[in-house]
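*Asks:* Using only what follows, build the 3D model:
(one chain, ligands or ions: 1)
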Amino acid sequence: MAIPVIDFSKLNGEARAETVAQIADCCENWGFFQLVNHGIPEELLERVKKVCSECYKVEREEGFKDSNPVQLLNNLLEEQSAEGKRLDNVDWEDVFTLLDDNEWPSRPAEFKETMKEYREEVKKLAEKVMEVMDDNLGLEKGYIKKAFCGGLGGNDDADLENPPFFGTKVSHYPPCPRPDLVPALRAHTDAGGVIVLFQDDQVGGLQVLKDGQWIDVQPLANAIVINTGDQVEVLSNGRYKSAWHRVLATPDGNRRSIASFYNPSLRATIAPAAHLVEECGEPAAAPGAAAYPRFVFGDYMDVYAKQKFLPKEPRFQAMAAM
Ligand SMILES: O=C(O)CCC(=O)C(=O)O
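*Replies:* I've put the predicted structure just below:
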């Protein structure tokens with residue numbers, strides 16, 4: 001079984017209806033899909049790969065050798081009674097995050113300019129994907145974006161001043177001498193909205209859980225992987241489920257992955273869309289009719305920070321109890 005691959009350029013042509021339906025199917029049944037012909041120029045993607053790999057080499061590689069996962073694995077291998085033990089609370093990953101207002105690596109010289117350009121493109125792509133989701137869910141165009149900007153709080157204009165929280169996580173998963181003993185990234189669902197992932201086209205390892213089975217997200221040159229986070233699950237009242245995924249460590253190759261998170265503003269109020277609650281046969285106003293509570297995304301993130309690698313349901317319950 002392979003992750004569905006969708007030709008996004010067909011949205012603009014005769015095959016629009018079919019493409020929109022394919023995306024609906026992926027959102028409902030996978031939580032993951034890959035886009036080709038997505039509109040991000042290949043030339044830019046080539047530069048992104050180059051600057052991120054160079055950045056790792058010059059700024060990060062040396063530091064990884066002394067990192068926590070490396071030390072923990074070395075300790076485990078030196079332990080006399082290590083038989084049967086694994087490292088299940090650590091990730092074999094080097095990571096840094098790019099936000100609009102934090103400090104970015106300065107090497108190589110083209111890093112900042114390239115990644116700024118890339119983030120602009122990714123943001124536009126995420127918004128296009130969100131509009132297809134609006135359409136598929138029967139929501140007005142721009143509904144999900146508006147919700148992420150806090151536009152559902154009732155205080156329309158003021159709320160819309162909250163920009164979505166947009167972050168780009170640049171990860172490398174260096175070769176691991178004992179991939180049987182440590183995960184590259186532990187299984188989790190993503191906290192936020194729509195995730196746009198540019199993964200390595202040579203080294204695999206990303207897997208998604210579908211119907212109880214871990215499926216490889218197959219590397220595909222210059223394709224973009226999309227997945228939906230917990231907040232899309234809430235807005236859609238559970239029609240779109242955020243999917244569990246993980247990254248396996250590998251003995252060969254340094255896997256690069258660049259995940260951009262188009263998340264709600266931390267001040268945005270998130271709740272199931274009223275129209276989707278009504279569709280479930282329950283009036284939106286009836287207490288308990290919605291499958292998910294209404295909450296402020298920043299509160300959700302506080303809980304997520306402590307429970308990222310645990311099931312998501314207790315997180316929703318914690319929001320309901322607030
Ligand atoms: O590195 C990847 O391919 C996936 C990254 C991911 O799942 C995450 O950062 O939450």
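
*Asks:* all helices of the stretch 201-322 of the chain, in order?
*Replies:* Counting by DSSP state H, counting those that start in this stretch, the stretch 201-322 of the chain has helices at residues 230-235, 274-279, 297-307, 313-320.

*Asks:* Check the average confidence over the second one, would you?
*Replies:* Meaning helix 274-279. Helix 274-279 shows a mean pLDDT of 84.

*Asks:* Format the helices of the stretch 201-322 of the chain as JSON lines; extra columns: mean neighbour count.
*Replies:* All C-beta atoms are positioned from the backbone trio N, CA, C, and that covers glycine. Below are the helices of the stretch 201-322 of the chain laid out as JSON lines (neighbours: other CB atoms under 10 Å):
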{"stretch": "helix 230-235", "mean neighbour count": "26"}
{"stretch": "helix 274-279", "mean neighbour count": "17"}
{"stretch": "helix 297-307", "mean neighbour count": "17"}
{"stretch": "helix 313-320", "mean neighbour count": "15"}
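
*Asks:* Which of the ones you listed has the lowest mean pLDDT?
*Replies:* Among the helices of the stretch 201-322 of the chain, helix 274-279 scores lowest, with a mean of 84.

*Asks:* What is the distance between it and the centre of its chain?
*Replies:* 26 Å (CA atoms, centre = their mean, to the nearest Å).

*Asks:* Next: stretch 291-300.
*Replies:* For stretch 291-300, the distance to the chain centre is 18 Å (CA atoms, centre = their mean).

*Asks:* so how far does it reach from one end to the other?
*Replies:* The straight-line separation of the ends of stretch 291-300 (CA to CA, to the nearest Å) is 16 Å.

*Asks:* which residues are contacting that stretch?
*Replies:* 165, 191-192, 230-231, 233-234, 237-238, 263-272, 277, 280, 315-316, 319-320, 322 (CB atoms under 8 Å, 6 or more residues apart in numbering).

*Asks:* now do stretch 127-144
*Replies:* For stretch 127-144, the surrounding residues in contact (CB under 8 Å, 6+ apart) are 8, 11, 20, 23-24, 27, 35, 39, 145, 193-194, 196, 226, 228, 232, 235-236, 239-240, 262, 273, 275-276, 279.

*Asks:* switch to 6 Å and redo it
*Replies:* Val20, Ile23, Ala24, Lys145, Val194, Ile226, Ser236, Ala273 (CB atoms under 6 Å, 6 or more residues apart in numbering).

*Asks:* which element follows the worst-scoring helix or strand of the chain on mean pLDDT toward the C-terminus?
*Replies:* Here the helix or strand of the chain ranked lowest by mean pLDDT, DSSP states H and E is helix 156-159, holding a mean of 53. Going down the chain from helix 156-159, the next helix or strand is strand 165-173, by DSSP states H and E.

*Asks:* what does stretch 179-186 contact?
*Replies:* For stretch 179-186, the surrounding residues in contact (CB under 6 Å, 6+ apart) are 73, 86-87, 91-93, 173, 205, 247-251, 309.

*Asks:* Let me see the contact set for the nearest residue to Val182 once chain neighbours are set aside.
*Replies:* Leaving out its chain neighbours, the residue that sits closest to Val182 by CB to CB, 6 or more residues apart in numbering is Leu87, at 4.3 Å. Leu87 makes contacts with Leu72, Leu181, Val182, as judged by CB under 6 Å, 6+ apart.

*Asks:* Over to Val5?
*Replies:* So Val5 contacts Gln34 (CB under 6 Å, 6+ apart).

*Asks:* Quickly list what it is bridged to.
*Replies:* Gln34 (DSSP bridges).

*Asks:* Closest to the ligand out of the contacts of Leu87?
*Replies:* The closest of those to the ligand turns out to be Val182 (CB to the nearest ligand atom; 15.1 Å).

*Asks:* what's the span of stretch 259-268, first residue to last?
*Replies:* Using CA to CA, first and last residues of stretch 259-268 are 22 Å apart.

*Asks:* ah, wrong one, I meant stretch 263-271
*Replies:* Start-to-end span of stretch 263-271 (CA to CA) is 14 Å.

*Asks:* Any residue of that stretch touching the ligand?
*Replies:* No. Stretch 263-271 lies out of reach of the ligand by CB under 6 Å from any ligand atom, never closer than 11.6 Å.

*Asks:* Can you list the low-confidence ranges for this protein?
*Replies:* Residue ranges of the chain with pLDDT under 70: 82, 153-161, 280-289.

*Asks:* Around the ligand, pick out the residues from it.
*Replies:* Lys169, Ser171, Leu185, Asp190, Leu197, Gln199, Leu206, His245, Val247, Ser257, Ala259.

*Asks:* what about 8 Å?
*Replies:* Selection of the chain residues close to the ligand by CB under 8 Å from any ligand atom yields 93, 95, 169, 171, 173, 184-185, 188, 190, 195, 197, 199, 205-206, 217, 225, 227, 245-247, 255, 257, 259, 261.
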